[in-house]
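[1] predicted model and sequence follow; I will ask about them next.
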Amino acid sequence: MTPHIEAKKEEIAKKVLMPGDPKRAEWIAKTYLKDAKLVNSVRGMTAYTGYYKNEKITVFPSGMGMPSMGIYSYELFKIYDVDTIIRIGTCGSYDPNLSLLDVIVSKESYTMSNFTISFNEDCHHLLASQELNDKLLKVAHNKNINLIPCSVYTNDVFDPYIDFKSFIKKLPYNIQISEMESFALFYMAKMFKKEATCLATVVDAINDKRSLDAKTREQSLNDMVIIALEALTV
């Protein structure tokens, strides 16, 4: 047990699917996992462990932002000996070639945050696990799902709350999409020599002013969940 996770060590699988929202974690577990059991409810972070094609899988929410992702991924990797975490979530697109509901996989994550300064390291660029990404891309291809490798910016601020058109001009990198958690996950994976990557669905796009409702956002998870679960059984 940790200050944030009440599960017994054996109740957490070696492979973890990590949405941000606890409600999404519950939906995924109850929709896709067999014999799903609630293993954590501390601070409302409802996590479940069950089976997908006889593979033991835990679905554990990360919450929003790098500090929250950092806490949960740190404890899962270090205390619970988790080997693999795939983040699944939503993102905004800076790339005019991307459209609403496109599904992306992160090749790399950049940030201008000082997140790593707390760990006595000034790091702003990290790669996702190529091995995991290869599995995800193979599964997507076999299921005729268009999975697009992208460069990701992990922001401390929700894009619609800022003048993001001016903001992206300041970025020193060729960024295609933005979200708020993957860099922290990749850093923890690097720290503990574990595997991690990020799948995301585009729900805000620079070239599309439409707004997706909560139900559409939830349903858009289907392709991501299937890709991730299938890859975790390979």
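    Received, thanks. Residues are numbered from 1 along each chain as shown.
[2] residue contacts, residue 103?
    By C-beta atoms under 8 Å, 6 or more residues apart in numbering, the contact set of residue 103 is 140, 145, 146, 147, 148, 199, 200, 201, 202, 223, 224, 227. (Each C-beta comes from the backbone N, C-alpha and C, glycine too.)
[3] turn the residues you listed into a markdown table, columns for secondary structure and neighbour count.
    Below are the contacts of residue 103 laid out as a markdown table (DSSP: H, G, I helix; E, B strand; the rest coil; neighbours: other C-beta atoms under 10 Å):
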| residue | secondary structure | neighbour count |
| --- | --- | --- |
| 140 | helix | 22 |
| 145 | coil | 16 |
| 146 | coil | 10 |
| 147 | strand | 21 |
| 148 | strand | 17 |
| 199 | strand | 28 |
| 200 | strand | 25 |
| 201 | strand | 21 |
| 202 | strand | 24 |
| 223 | helix | 19 |
| 224 | helix | 27 |
| 227 | helix | 25 |
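[4] residue 58 contacts residue 13, doesn't it?
    Yes: using C-beta atoms under 8 Å, residue 58 is in contact with residue 13, at 4.2 Å.
[5] roughly how far apart are the closest residue to residue 21 other than its chain neighbours and residue 134?
    Nearest non-adjacent residue to residue 21, counting by C-beta to C-beta, 6 or more residues apart in numbering: residue 61, 6.1 Å away. To residue 134, residue 61 is 26 Å away according to C-beta to C-beta, to the nearest Å.
[6] with neighbour numbers in mind, choose between the two.
    Taking other C-beta atoms under 10 Å, residue 61 and residue 134 do not tie; residue 61 has more neighbours (26 against 12).
[7] so what's the residue positioned nearest the centre of the chain closest to, chain neighbours aside?
    Centroid check for the chain by C-alpha atoms, centre = their mean gives residue 87 as the closest residue, at 2.0 Å. Excluding the flanking residues, the one nearest residue 87 by C-beta to C-beta, 6+ apart is residue 198, at 4.3 Å.
[8] got a list of what the residue nearest to residue 21 touches?
    Under the criterion of C-beta under 8 Å, 6+ apart, the contact list for residue 61 reads 18, 19, 20, 21, 22, 24, 25, 45, 46, 47, 72.
[9] show the backbone phi and psi for the last one.
    The phi and psi values for residue 72, taken as degrees, to the nearest 10, are phi -70, psi -40.
[10] residues in contact with both of residue 58 and residue 13, list them for me.
    In contact with both residue 58 and residue 13: 49, 82, using C-beta under 8 Å, 6+ apart.
[11] who's more crowded, these two?
    residue 58 (28 against 24).
[12] list the contacts of the more buried one.
    Taking C-beta under 8 Å, 6+ apart, we find residue 58 in contact with 12, 13, 15, 16, 17, 39, 47, 48, 49, 82.
[13] wait, a strand at the fourth one?
    Meaning residue 16. Yes: judged by DSSP: H, G, I helix; E, B strand; the rest coil, residue 16 forms part of a strand.
[14] so it makes contact with residue 59?
    Yes: using C-beta under 8 Å, residue 16 is in contact with residue 59, at 7.4 Å.
[15] coming back round to it: show the average pLDDT along the helix or strand hosting the residue nearest to residue 87.
    Using DSSP states H and E, the element containing residue 198 is strand 195-205. Taken as a whole, strand 195-205 carries a mean pLDDT of 92.
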